[in-house]
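A.B. asks: This is a predicted model, with the sequence first.
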Amino acid sequence: MTDITTRARLAPLLALASAALVAAGCGRGVPMPNYGSEEGLQIAQFVSDFNDAKANRLKFAQMFADKAPANWKEYEPHTYNVVPGSPKVSGDSATATVEVRKDADYSLIDTRDWTFVKVGGKWRLKLAPLPPRK
């Protein structure tokens, strides 16, 4: 794996780890991304977990509340991050703006609005649209 690919895959996890350190009192002076609420932070963490699951068909399918998209392989070459401040939670449903970035160089491709539902107390994807293919 190249250094760029490694960085692209680790970036969402490093961002959340930094946020956890700030919340724990370490790293004072580094602002924690604002996801609006504890539920918004859970959605951001869920999307970070999605980055790990996207390459495995079974894990990918488990991320969805209903049937997962058949084009699961099209999700693999990208990294996904919730835009801070974007999660909007209403009961057991939510939306968030998600950055779609190239794994290869972490360049921004597009942003898309994803929808989530809570199933058994855990967030799952309802819709996770990809940018149109070029």
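C.D. replies: Thanks, I have the structure now. Numbering: from 1, shown residues only.

A.B. asks: rest of the way, CA atoms for contacts and neighbours
C.D. replies: Fine.

A.B. asks: Helix or strand for the residue sitting nearest the centre point of the chain, just tell me which one.
C.D. replies: Closest to where the C-alpha atoms of the chain average out (C-alpha atoms, centre = their mean) is V47, at 2.2 Å. Assigned by DSSP states H and E, V47 belongs to helix 38-53.

A.B. asks: what's downstream of that helix, the next helix or strand?
C.D. replies: helix 57-62.

A.B. asks: and that next one, what other elements does it pack with?
C.D. replies: Applying 3 or more C-alpha pairs under 8 Å, 6 or more residues apart in numbering; DSSP states H and E, one finds that helix 57-62 contacts helix 38-53.

A.B. asks: from the middle of its chain, how far away would the helix it packs on be?
C.D. replies: Average the C-alpha atoms of helix 38-53, do the same for its chain, and the two points are 5 Å apart (C-alpha atoms, centre = their mean, to the nearest Å).

A.B. asks: Please enumerate the strands of the chain.
C.D. replies: Assigned by DSSP state E, the strands in the chain fall at 78-82, 88-90, 93-102, 108-119, 122-127.
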